[in-house]
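Q: Below is the sequence, then the predicted model.
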Amino acid sequence: MIAVPQAAIDLAKRFEGFHRVPRADPGRAHPYVCPAGYWTIGYGRLCAPQHSPITEAEAEIYLATDLRTALNATLRYCSGLATEPEGRLAAIVDFTFNLGAGRLQTSTLRRRVNQRNWMEAGQELRRWVYGGGKVLPGLLARREAEAAWLLRND
């Protein structure tokens, strides 16, 4: 069994952050609407608007579960990443965590990864910067970071 790469954990925490903590309830995250319009809690876990607040420890458990799911989906659709340097796997795991397995499954990104065409895969990553119909600065930064991990090992 392949472990979730530390770089994927770091990317998820860097771009999701445990930052939705109201001053009146320190140490707990409450549901919020992400820039793409989805209800989210903790480190980017989708939730219902009425989800009860969670601690950072609970958010860590959710994150570990969600990253494991993303890793499994990534390896299902891009099995060759199991033999590539960890940074490449981390980049695509973070993409899958952020956008979902369905997006990876049907994407040109998947084809480029499976062809081991890393330059074009990096270009494909950079196309996934829209949320709610507009370019989001956070997604621009995230895709650049993922592309850097993907290409770092060339």
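A: Perfect, I can see it now.
Q: where are the low-confidence patches of the chain?
A: Within the chain, the ranges that satisfy pLDDT under 70 run 153-154.
Q: Mind jotting down where the strands sit in this protein?
A: Under the criterion DSSP state E, the chain carries strands at the ranges 28-29, 32-33, 39-41, 45-46, 54-55, 130-131, 134-135.
Q: Please identify the deepest-packed of the ones you listed.
A: Comparing these by mean neighbour count (mean count of other Cβ atoms under 10 Å), strand 28-29 ranks first with a mean of 22. Any C-beta I mention is one placed from the backbone N, CA and C, and that applies to glycine too.
Q: what packs against the longest helix seen in the chain?
A: Longest helix in the chain, counting residues (DSSP state H): helix 56-77. Judged by 3 or more Cβ pairs under 8 Å, 6 or more residues apart in numbering; DSSP states H and E, helix 56-77 is in contact with helix 6-16, strand 45-46, helix 86-99, helix 101-105.
Q: Now with 6 Å, please.
A: Helices and strands touching helix 56-77, as assessed by 3 or more Cβ pairs under 6 Å, 6 or more residues apart in numbering; DSSP states H and E, comprise helix 86-99, helix 101-105.
Q: that older thread, JSON lines please, covering the strands of the chain and showing distance to residue 11.
A: Listed next are those as JSON lines, based on distance: least, Cβ to Cβ, whole Å:
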{"stretch": "strand 28-29", "distance to residue 11": "19"}
{"stretch": "strand 32-33", "distance to residue 11": "20"}
{"stretch": "strand 39-41", "distance to residue 11": "16"}
{"stretch": "strand 45-46", "distance to residue 11": "16"}
{"stretch": "strand 54-55", "distance to residue 11": "21"}
{"stretch": "strand 130-131", "distance to residue 11": "17"}
{"stretch": "strand 134-135", "distance to residue 11": "19"}
